[in-house]
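Student: what's the 3D shape of this:
(chains A and B)
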Amino acid sequence: MTNRKKKVVIVGGGLAGLALAMKFCERNGEATVVSYQSLKRSHSVCAQGGINAAIDAKNEGDTPEKHFYDTIKGGDFLAHQPLVRDMCHQAPTIINLMDRMGVAFNRTGEGHLDFRRFGGTLFNRTAFAGATTGQQLVYALDEQVRRHVHDGSAKTLEWHEYLGAVLDAEGICRGAVIHDLRTDEIYTLKADAVVLATGGPGQVYGRSTNSVVNTGAAATTAYMQGAKFANGEFIQIHPTAIPGQDKLRLMSESARGEGGRVWVPRDGNDNRNPREIPENERYYFLEEKYPLFKNLVPRDVASREIYDIVYNQNLGVSGDPMVYLDLTHKSREFLDNRLGGILDIYTKFTGADPRETPMKIFPAVHYSMGGLWTDYGPDSNGMIDHASPKNQMTSIRGLYAAGEADYQYHGANRLGANSLLSCIYTGLMMARGVMNYMDSLEKSADDISSTVFDDARSHWKSRFNDIKNMNGSENPHKLHHELGDIMLANVLIVRDNKSLEKASHEIEEIETRFKNVKCLDTTDWVNPSPSFINQLYCMIHLSKIITKGALMRDEFRGSHYKPDFDLSQPKDFDPHEYIEYLEQKQYGDVTEGKFPPGHLDYMKRFEENNEKWLKTTVAQYKNNQPQITYEEVNTSLVTPRPRKYD
Amino acid sequence: MTEKTTTIKIKRQDKPGSPSYWQTFEVPDKPFANIISCLMDIQKTPTTEDGKTVNPVTWDCNCLEEVCGSCTMLINGQVRQACTALVDNLKKPIVLEPMSKFPVLRDLQVDRERMFDNLKKVKAWIEIDGSHDIGAGPIMPDQDRAKRYVMSECMTCGCCLEACPQFTQDNSFLGAATFNQVRLFNLHPSGEMKKEDRLDAIMGEGGITDCGNAQVCVEVCPKNIPLTESIADISRQTTWQMIKNLLIK
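Tutor: Presented below is the predicted three-dimensional model:
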């Protein structure tokens, strides 16, 4: 390496990107943050309810190990365990850091951090700043990065779009191709490593809780350049969102964490004002079915139950696909202090005040557990070697991914308030490894022939030229809407192979029609049209990854629910029986009589299914299609077992 | 056509410095429609009311739930976020214009860089020793936290500056959003340690004494931040700082 400062290009100004930029500058590196828009406006601001850390502020006996177990179980055992364990152990430190940076976390009577309950756990583990925790965390990290910009160690390229990685002859990433969204100029940035902290792909579904920029285009481009994409089919559907034309706005899980109750009238034809319906004529279906976790079952479970109430039991409110989320039993003062931000949003968009009348909500696409395949360096204690250059590296050397853009932390279903944690954790954790990777390079980006950069630049210049020359009859925005409709109709909460086949064909049709798109605007100043067409192209390929992964995975795991492959857990089953069964097995055949009727059979089915499907899905771009293979999951710390929340 | 539509008049501009012009669009009525969904419909059918196909209108937006601050514009002459502007609640025809206090980039997009630069001028951050593990943050009463929280919801949207008679494109007035940031950080136990730097930064030209006390900033803030309280508080703080500076010098 040369004597100059180490250079990293970070794409994305959300929590993961900013956390890394801060850490990298502290370690005397030079970070350039590329952002599609002004910093402070990234999608991380939309996170509402909080961030998890097992500080045990309420003396409930919570520990990072319990946080680890809840996260692994919540994810249906599909996440690599050493990473999740490390993240959960780092969480208290991360909360303290964010607190020191001035995040206005709610506090207790003594002035310490306050915590509330979230889904998938029985502990009060979620630190929060009102109901705009994501916004507050982004601002705190943004302020630190702004300070580094002020001091000269960080640079920002706002209103710039990442188009692709610059790969040298050996396939090592040496920089990034950048598109200035104002001047339309396309150029390259040299870097010792490039990090994609570009968030999730909600726009593939058209309408979701995601922001407009969440197209997944950067990650998909990396996939088309050879990076592996993992677990694409695991898309989280958040149980509670507010229906809308342009977006399905999130209603935070914290509404239930603070006591919100989900219900429908017992009689589907009951059209009375909800507050006039007496207690005994209300069906609190989550509380009845899950007496232990009640309204705070994990998101995949809650979304399936709401879907079942609406579509199978026809109990949606007034016959519409909606259920009540009720906070009216709580005092106005309490609600304003702990949930004010989100209740105001509900009021602004629906005209109804949730303090006075139950909210009407329905599930919506929210988060991608899958993302770019990334690596990690485990140590011998079931933790992570933070010095390892492998941490968060994609299958392309020198190209890293962090935050929602990677796949490693949430398995088959993410627990609420773990996303803010995983974003900040990855950003902070990877900094040392990225620096060590740069030290290990024999050649720096400065030693690479300029033709490598010129070629990358001219590839993208001609690509955008071609896009501007597209003069067919298809409107790209309409085509995007149709793609979203296909995904919403076929690749959502309840999945079956016939619909998934149908979706695959329909996506192929969209891909064919894409060739006939018209570039609506061919000017060269602040023109979003060509970029959008490129993003649409990426979204078509990403929808193929999601759909093919879902089609091939013939099982029910976490957010991926295929009723045809449900193993039908007996109602009275206790997950500990499975651990006992595995132990007994070591001493020879286990006989039927040792367990209640039907249980042994179920456990054998479960074991067999895990052998086949407890695997990471890996998609690789081959002949314009995702080629799917499977990889082992690191389950070295906790034995995978059936999930149960009642 | 049997479909019901809403008429939207939009003030457009192709480039900074180029003349602006008006175009009118008919957008189909839909339940729960907001200004953003109307602009999205125009993207899908970029045709004016007189049947001319034009370049789609450009605008800024991201979160669509009034927490990112992107989509500020003038809607029927009022500065506000486009995402929370529901079509049903607006007078028709609807008139959209870009903000007037910032340079127009194109159509409804303006350059608000000045706001972000001001954050640097007043050091709107806490000077932490580093991001390594050095224990918990300072203990703080929840009432103080609550006060800070309301201020920290500022999403740099620019509504307060658009409404402010003092803030113009050719002066250097910092404006309510920036003053509020000074108060936010001066109120934090660690942030307070750089209080004097921040106050010094707002004492010169364009600083707090240029505020004409029109009090319109607080009326247009979409987050109901008590901006006039912040301004009054920061005025008091700078007065003390000035006296202190005089005594020391």
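Student: where's the closest residue in space to A:M552 that isn't next to it in sequence, which helix or strand?
Tutor: In this structure, A:M552 finds its nearest non-sequential neighbour in A:I628, 5.5 Å apart by C-beta to C-beta, 6 or more residues apart in numbering or on different chains. Backbone N, C-alpha and C define where each C-beta goes, glycine included. Per DSSP states H and E: A:I628 is located in strand A:625-632.
Student: buried set for that strand?
Tutor: Using 16 or more other C-beta atoms under 10 Å in any protein chain shown as the burial criterion, the residues of strand A:625-632 that qualify are A:626, A:628.
Student: mind listing what the nearest residue in space to A:E110 that is not next to it in sequence touches?
Tutor: Sequence neighbours aside, B:I139 is the residue nearest to A:E110 in space, at 7.2 Å (criterion: C-beta to C-beta, 6+ apart). Applying C-beta atoms under 8 Å, 6 or more residues apart in numbering or on different chains, we find B:I139 in contact with A:110-112.
Student: now A:P389
Tutor: So, once contact is read as C-beta under 8 Å, 6+ apart, A:P389 ends up touching A:377, A:433-434, A:436-437, A:440.
Student: got it, and A:M22?
Tutor: A:141, A:144-145, A:148, A:427, B:131.
Student: pLDDT value on it, please?
Tutor: A:M22 is assigned a predicted lDDT (pLDDT) of 98.
Student: Same question for B:Q166.
Tutor: pLDDT for B:Q166: 97.
Student: before we move on, the earlier item: could I get the contacts of A:P389 as JSON lines with pLDDT, neighbour count and secondary structure?
Tutor: JSON lines is the format used below for the contacts of A:P389 (pLDDT from 0 to 100; neighbours: other C-beta atoms under 10 Å in any protein chain shown; DSSP: H, G, I helix; E, B strand; the rest coil):
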{"residue": "A:G377", "pLDDT": "96", "neighbour count": "16", "secondary structure": "coil"}
{"residue": "A:G433", "pLDDT": "98", "neighbour count": "24", "secondary structure": "helix"}
{"residue": "A:V434", "pLDDT": "98", "neighbour count": "27", "secondary structure": "helix"}
{"residue": "A:N436", "pLDDT": "98", "neighbour count": "16", "secondary structure": "helix"}
{"residue": "A:Y437", "pLDDT": "98", "neighbour count": "22", "secondary structure": "helix"}
{"residue": "A:S440", "pLDDT": "96", "neighbour count": "9", "secondary structure": "helix"}
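Student: and which of the residues you listed is nearest to chain B?
Tutor: In terms of C-beta to the nearest C-beta, no member of these lies closer to chain B than A:V434, at 14.9 Å.
Student: wait, what's in contact with the closest one?
Tutor: A:8, A:20, A:24, A:193, A:195, A:389, A:392, A:400.
Student: helices or strands up against the one helix or strand the fifth one maps to?
Tutor: In other words, A:V195. A:V195 belongs to strand A:193-196 when elements are defined using DSSP H and E. Packing partners of strand A:193-196 (3 or more C-beta pairs under 8 Å, 6 or more residues apart in numbering or on different chains; DSSP states H and E): strand A:7-11, strand A:173-180, helix A:217-224, strand A:399-401, helix A:419-440.
Student: Redo these as CSV? Include distance to A:E276.
Tutor: What follows is the helices and strands packed on strand A:193-196, written out as CSV (distance: least, C-beta to C-beta, whole Å):
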stretch, distance to A:E276
strand A:7-11, 53
strand A:173-180, 57
helix A:217-224, 49
strand A:399-401, 52
helix A:419-440, 38
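Student: Which stretch among the ones you listed is buried most, on average?
Tutor: strand A:399-401 (a mean of 30; mean count of other C-beta atoms under 10 Å in any protein chain shown).
Student: elements contacting it?
Tutor: When contacts are defined as 3+ C-beta pairs under 8 Å, 6+ apart, strand A:399-401 sits against strand A:193-196, helix A:217-224.
Student: Let's see that with 6 Å instead.
Tutor: When contacts are defined as 3 or more C-beta pairs under 6 Å, 6 or more residues apart in numbering or on different chains; DSSP states H and E, strand A:399-401 packs onto strand A:193-196.
Student: contact partners of the strand it packs on?
Tutor: A:8-11, A:165, A:173, A:176, A:218, A:398-402, A:405, A:434 (C-beta atoms under 6 Å, 6 or more residues apart in numbering or on different chains).
Student: helices or strands up against the top helix by length along chain A?
Tutor: The helix that spans the most residues within chain A, counting by DSSP state H, is helix A:529-552. Packing partners of helix A:529-552 (3+ C-beta pairs under 6 Å, 6+ apart): helix A:217-224, helix A:450-468, helix A:476-490, helix A:497-514, strand A:625-632.
Student: Would you mark the buried spots in it?
Tutor: Quick answer for helix A:529-552 (16+ other C-beta under 10 Å): A:529-551.
Student: coming back round to it: give me the element the residue nearest to A:E110 is part of.
Tutor: With DSSP H and E as criterion, B:I139 is part of no helix or strand.
Student: Kindly report the residues of the stretch 351-500 of chain A close to chain B.
Tutor: Proximity of the stretch 351-500 of chain A to chain B, by C-beta under 6 Å from any C-beta of the partner chain, involves residues A:475, A:477-478.
Student: neighbours of the closest residue to A:R605 other than its chain neighbours, just the number please.
Tutor: Nearest residue to A:R605, sequence neighbours excluded (C-beta to C-beta, 6+ apart): A:L567, at 4.9 Å. Number of residues near A:L567 (other C-beta atoms under 10 Å in any protein chain shown) recorded here: 15.
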